[in-house]
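> Here you go, sequence then predicted model.
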Amino acid sequence: QVQLVESGGGLVQAGGSLRLSCTASGRTSSGYAMGWFRQAPGKEREFVAAISRNGGSTYYADSVKGRFTISRDFTKNTVYLQMNSLKPEDTAVYYCAARPRWVVITITRESEYDYWGQGTQVTVSS
């Protein structure tokens with residue numbers, strides 16, 4: 001079992017930055033690839049970014065590429081999502097998730113992730 005807890009959400013103006021954290025407990029998160037998803041009001045949850053088990057590979061949704069950066073700190077069992085140049089359309093609840101294998105072709109599929117956090121709200125004002 002892996003427990004995931006997100007933090008770092010909040011209210012920010014368009015063009016600003018936030019850094020989300022996802023801290024894992026239970027089994028070490030280093031055995032898992034990690035991903036970030038988000039769900040805006042009235043919309044389905046969507047993939048944002050993912051990082052491989054060793055941190056050597058990353059993958060981003062086109063909508064955040066060049067603005068968001070995913071990283072992980074194995075000493076702290078934490079995955080980060082640095083979000084820059086935020087837009088109002090980035091407003092959503094952000095979730096982190098863990099999956100046992102890094103398979104690029106399925107990296108965006110929610111069903112491939114075994115563990116999920118409760119989410120943290122990010123609101124970007126215009």
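Everything's here; your move.
> just for the protein, where's the confidence low?
Across the chain, the ranges flagged by pLDDT under 70 are 27-29.
> Please work out how many residues are found near residue 52.
Neighbour count for residue 52, taken as other CB atoms under 10 Å: 17. The C-beta positions use only the backbone N, C-alpha and C, and glycine is treated the same way.
> what's the distance between it and residue 126?
Here the criterion is CB to CB, to the nearest Å. By it, residue 52 lies 35 Å from residue 126.
> Now do the contacts for the residue nearest the centre of the chain.
The centre of the chain sits closest to residue 36, judged by CA atoms, centre = their mean, with a distance of 2.1 Å. When contacts are counted by CB atoms under 8 Å, 6 or more residues apart in numbering, residue 36 touches 20, 22, 48-50, 70, 79, 81, 94-97.
> Return the set of buried residues in stretch 4-15.
4, 6, 8-9, 12 (16 or more other CB atoms under 10 Å).
> Same question for stretch 41-48.
45, 47-48.
> What's the end-to-end length of it?
Using CA to CA, to the nearest Å, one end of stretch 41-48 lies 16 Å from the other.
> Likewise for stretch 110-117?
This stretch, stretch 110-117, spans 13 Å end to end (CA to CA).
> What are the contacting residues of that stretch?
Contacts of stretch 110-117 (CB under 8 Å, 6+ apart): 1-6, 22, 32, 35, 37, 45, 47, 95-101, 103, 106.
> Make a PyMOL selection of the buried ones in those.
Only the buried entries of those go into this PyMOL selection, using 16+ other CB under 10 Å:
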select buried, resi 2+4+6+22+32+35+37+45+47+95+96+97+98+99
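> Export the buried residues of stretch 41-48 to CSV and append columns for secondary structure.
Conversion of the buried residues of stretch 41-48 to CSV gives the following (DSSP: H, G, I helix; E, B strand; the rest coil):
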residue, secondary structure
45, coil
47, strand
48, strand
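> re earlier: looking at the contacts of stretch 110-117, which are in strands?
Members of the contacts of stretch 110-117 lying in strands (criterion: DSSP state E): 2-6, 22, 35, 37, 47, 95-99.
> quick one: which two of these are the most distant?
The most widely separated members of the ones in strands among the contacts of stretch 110-117, counting by CB to CB, are 3 and 47 (21.5 Å).
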